[in-house]
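S.K.: quick one: sequence and predicted model below, then my questions.
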Amino acid sequence: MRFEERHRERERIARELHDTLLQSFQGLLLRFQAVASRLPGDDPTREALERAMDRGEEAIAEGRERVRSLRLAETSVQEGLPEAFTRIGRELAQAHPATFDLVVEGGLPRWMRSCATRSTG
């Protein structure tokens, strides 16, 4: 595929992701906010919804960053795989009594870093 064709295809994919997927998620978050606002402020269900909405907003922001990167034809990752696993482990430990240790030995092959990076969003 020629450079111009690849660029147009990347732009088309970026536009579709932004116009459909990310906008749909934003709409869902607004609906969840409407439901959460009907619950008392100290309701554990409301607190859980608000945490989930915060994570949803982070996912949307990362999605927008990925769309921007796709448009610029570059990969942009905000955190590495070990950092992502550590962050997720801390988040899970708040809700579930568990210990979480991450040990990194050596490095990941380039293709695996790419796959793993895409799965952390």
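M.R.: Looks like it arrived, so ask away.
S.K.: what are the boundaries of the helices in this structure?
M.R.: 3-16, 23-37, 44-72, 81-95, 110-119 (DSSP state H).
S.K.: quick one: closest of those to residue 101.
M.R.: Judged by Cβ to Cβ, the one of these that comes nearest to residue 101 is helix 81-95, at 8.3 Å. Heads up, the C-betas are built off the backbone N, CA and C, glycines and all.
S.K.: report the rounded mean pLDDT for that closest one.
M.R.: Mean pLDDT, computed over helix 81-95, is 77.
S.K.: worst-scoring helix or strand of this protein, pLDDT-wise?
M.R.: Taking mean pLDDT, DSSP states H and E as the measure, the helix or strand of the chain with the lowest value is helix 110-119, at a mean of 50.
S.K.: if we can go back for a sec, so which of the helices of the chain gets nearest residue 102?
M.R.: Set against residue 102 and scored by Cβ to Cβ, these come closest in helix 81-95, at 5.4 Å.
S.K.: ok, residues contacting stretch 33-42?
M.R.: Stretch 33-42 is contacted from outside by 45-46, 49-50, 53, using Cβ atoms under 8 Å, 6 or more residues apart in numbering.
S.K.: between the residues you listed, which is nearest residue 20?
M.R.: Nearest to residue 20, judged by Cβ to Cβ, of the contacts of stretch 33-42 is residue 53 at 20.3 Å.
S.K.: neighbours of that closest one, how many?
M.R.: If you count neighbours by other Cβ atoms under 10 Å, residue 53 ends up with 17.
S.K.: now swap in residue 65 and tell me
M.R.: Residues near residue 65, counting by other Cβ under 10 Å, number 14.
S.K.: equivalent analysis for residue 82, please.
M.R.: The number of residues near residue 82, taken as other Cβ under 10 Å, comes to 13.
S.K.: surely it meets residue 102?
M.R.: Yes. Contact criterion Cβ atoms under 8 Å: residue 82 and residue 102 qualify, at 5.9 Å.
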